[in-house]
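*Asks:* Need coordinates for the following:
(one chain, ligands or ions: 1)
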Amino acid sequence: MAKNVLIVGAGLGGLTTALRLSKKGYKVEIIEKNCNAGGRLNQLKKDGFTFDTGPSFFSMSYEFTEFAKDCNIELPFRYYELDPLYSVNFSRSPKTYYLYKNIAKLAEQFKDTEPDFEEKMKRYLAKSGQLFHDTVDIVIKSNYDSVFHYLRTLMKVNPVHGMALFRNFWQQVRRYFKSEDAVQIMSLVAFFLGRTPFDTSSVYTLLSYTEFIHDGYYNVEGGMYKIVEGLVEELEKENVTITYNTEIKSYSAEGTRLEYLLDQNNRKWSADIIVINSDAAVFRGQVFRRPEFSVEKLDKKSWTMGPLTIYLGVDSKLSEVNHHNYYLGDNFKDYADKVFKNPDSLQKPYYYVNLLSGQNPDCAPEGAESLFFVCPVPDLRFKSDWSDRDEIVDSIIDDFSRRIGKDIKPLIVSRTVYTPVDWQNQFNLHRGSGLGLAHDMLQIGAFRPKNYDEVFKNVFYVGASTIPGTGLPMVIISSKLAFRRIEEYTAKINP
Ligand SMILES: Cc1cc2nc3c(=O)[nH]c(=O)nc-3n(C[C@H](O)[C@H](O)[C@H](O)COP(=O)(O)OP(=O)(O)OC[C@H]3O[C@@H](n4cnc5c(N)ncnc54)[C@H](O)[C@@H]3O)c2cc1C
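*Replies:* Numbers count the residues shown, from 1 in each chain. As a prediction, the model looks like this:
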């Protein structure tokens, strides 16, 4: 009976698939390129500070609770809701908007900029909610065996949403709001998908409904890495081993069966079933050497932003900074047009700041704060030279100091920067693209790299670049879809 499983990669996708399988009696082992688990959901401990290095919040919390129920465990970490969800400041004005879930309270802040905001917001969210309920279960939580199967599934979606396919996120928001402030703030969610509102389909306005109404945003007590620590503990109880510092480079196969994988030291790794949590497109190209996933072919696909991330330990309390903060400029359209391709956009960067120690005081020494900045930048196709990184980082720190009215430069006692080069090298991300393949209509559903291999019947994929997509809740769903595939395969070969 095919029961041994090898998982390549200890990211959230690998860890959650491992737990699902081990709970069903499979004997699972994981190998990981880096020296710790978590992948992009990771942590940096330095100079007495703790930083979340990637995700700093999650939405769709019920995907985590459903996962725990599927595995028959208590969720091994505690999370709390964020309200306000985040704050937004434009360089053109000292005003800061707080994105409260209470729509009346939110509307109060737009009384001078967007007349009838409350009414408009309710109508916008009603439409986003309709989109959410009419698509999520049908389209996002399904495996597809062919493009035809996918298109047939799409046809089950209420035809009233047909026009949504022909509009972008920005155009959809514009139908409800008129002022620059309101439209730009409501369109920000598209950046969470790693693209801009101008190249993201209006279908994703359903995310506005998930953030304000359906669920919300959550942070984890003690920092996001508690998710990984909790999962690793659960895996230990199931005798799942994780071997670190092991990177798969090559393979050997016989016909349609993958026999073994080879790591950087030529050690062989084999199992009845192999699950790849490394990026589903990159692995097919780099390890399986499939021509349709060559570097040249991948370069032609559309990828999410390259992140420039900055981790600062500051020797002062910063009571003026909230948990999640967006600092935007005053050239939104021009910025969005250039941000992914033109390094000049970095002269006036837009960025996000997370104050981890605000809610988790243990993450910084007493009287100090740990700050995490994410600035979307062009991926390595469009900016490969990062010798100017300190200059760019200094300009972001100066801008931030100006916005909060306090010069933090002399107070910085710890400073670490990851450019897209680091993101690429640490996690094998194509050209340093932080969230993986973008969610264009021709890169989702049956058009995204599949969660089963085209050639090897015993190989499956899980994670952000296979279905359904990127972000922590999507990766949890991805583990459910991969698990279903594996169960079907096992049933077929052991009738
Ligand atoms: C800066 C940043 C901020 C983000 N913020 C958020 C957020 O706030 N909320 C949210 O929901 N999502 C966020 N995301 C997205 C989220 O981090 C990812 O969608 C998710 O963590 C991806 O998980 P994964 O398991 O698919 O992949 P990964 O985390 O990339 O895991 C894959 C693992 O495979 C390993 N690996 C790769 N190649 C090999 C190989 N050949 N051999 C062995 N091992 C290999 C890697 O080292 C890695 O550990 C953010 C991402 C970034 C970069």
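
*Asks:* C-alpha from now on. contacts and neighbour counts both.
*Replies:* OK.

*Asks:* Model confidence for the residue lying closest to residue 389 once chain neighbours are set aside, exactly?
*Replies:* Excluding the flanking residues, the one nearest residue 389 by Cα to Cα, 6 or more residues apart in numbering is residue 419, at 7.6 Å. In this model, residue 419 is scored at 98, pLDDT.

*Asks:* try residue 2
*Replies:* At residue 2, pLDDT is 53.

*Asks:* same question, the one 5 residues further on
*Replies:* Per-residue pLDDT puts residue 7 at 98.

*Asks:* Same question for the one 10 residues further on.
*Replies:* Residue 17 carries a pLDDT value of 98.

*Asks:* sec struct for it, please.
*Replies:* helix (DSSP: H, G, I helix; E, B strand; the rest coil).

*Asks:* and the gap between it and residue 138?
*Replies:* 22 Å (Cα to Cα, to the nearest Å).

*Asks:* Looking at those two, which is more packed in?
*Replies:* Neighbour comparison, residue 17 and residue 138: the larger count goes to residue 17, with 29 against 13 (by other Cα atoms under 10 Å).

*Asks:* Would you tell me what helix or strand the closest residue to the more buried one other than its chain neighbours is located in?
*Replies:* Spatially, and ignoring its direct neighbours in sequence, residue 17 is nearest to residue 479 (5.0 Å; Cα to Cα, 6+ apart). For residue 479, the host element (DSSP states H and E) is helix 472-493.

*Asks:* who does that helix touch, helix- and strand-wise?
*Replies:* Secondary structure elements in contact with helix 472-493, counted by 3 or more Cα pairs under 8 Å, 6 or more residues apart in numbering; DSSP states H and E, are helix 12-23, helix 61-70, strand 459-461.

*Asks:* Figure out which of those is closest to the ligand.
*Replies:* helix 12-23 (3.6 Å; Cα to the nearest ligand atom).

*Asks:* Downstream of the closest one, the next helix or strand is which one?
*Replies:* strand 27-31.

*Asks:* quick one: contacts for residue 154?
*Replies:* If you count contacts by Cα atoms under 8 Å, 6 or more residues apart in numbering, residue 154 has them with 138-139.

*Asks:* pLDDT below threshold where in the stretch 51-200 of the chain?
*Replies:* Judged against pLDDT under 70, the stretch 51-200 of the chain has no low-scoring part.

*Asks:* can you list contacts of the helix holding residue 479?
*Replies:* 1-2, 12-14, 16-17, 20-21, 58-61, 63-64, 67, 141-143, 451-452, 458, 460-464, 466-469.

*Asks:* Quick check: PyMOL command selecting the buried ones in these.
*Replies:* Buried residues within the contacts of helix 472-493, by 16 or more other Cα atoms under 10 Å, are selected in PyMOL with:
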select buried, resi 12+13+14+16+17+20+21+58+59+60+61+63+64+67+141+142+143+451+452+458+460+461+462+463+464+466+467+468+469
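
*Asks:* Among the contacts of helix 472-493, which ones lie close to the ligand?
*Replies:* 12-14, 58, 463-464 (Cα under 6 Å from any ligand atom).

*Asks:* Same list (those) but as CSV, adding distance to residue 264.
*Replies:* Shown next, in CSV, are these (distance: Cα to Cα, whole Å):
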residue, distance to residue 264
12, 23
13, 22
14, 20
58, 34
463, 23
464, 24
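
*Asks:* Distance-wise, check residue 228 relative to the ligand.
*Replies:* The gap separating residue 228 from the ligand is 10 Å, by Cα to the nearest ligand atom, to the nearest Å.

*Asks:* no wait, residue 329
*Replies:* Taking Cα to the nearest ligand atom, one finds residue 329 at 20 Å from the ligand.

*Asks:* That residue is in contact with residue 90, isn't it?
*Replies:* Yes. At 5.5 Å, residue 329 counts as touching residue 90 under the criterion of Cα atoms under 8 Å.

*Asks:* Name the residue in those two with the higher neighbour count.
*Replies:* With neighbours defined as other Cα under 10 Å, residue 329 and residue 90 compare such that residue 90 has more, 21 against 16.
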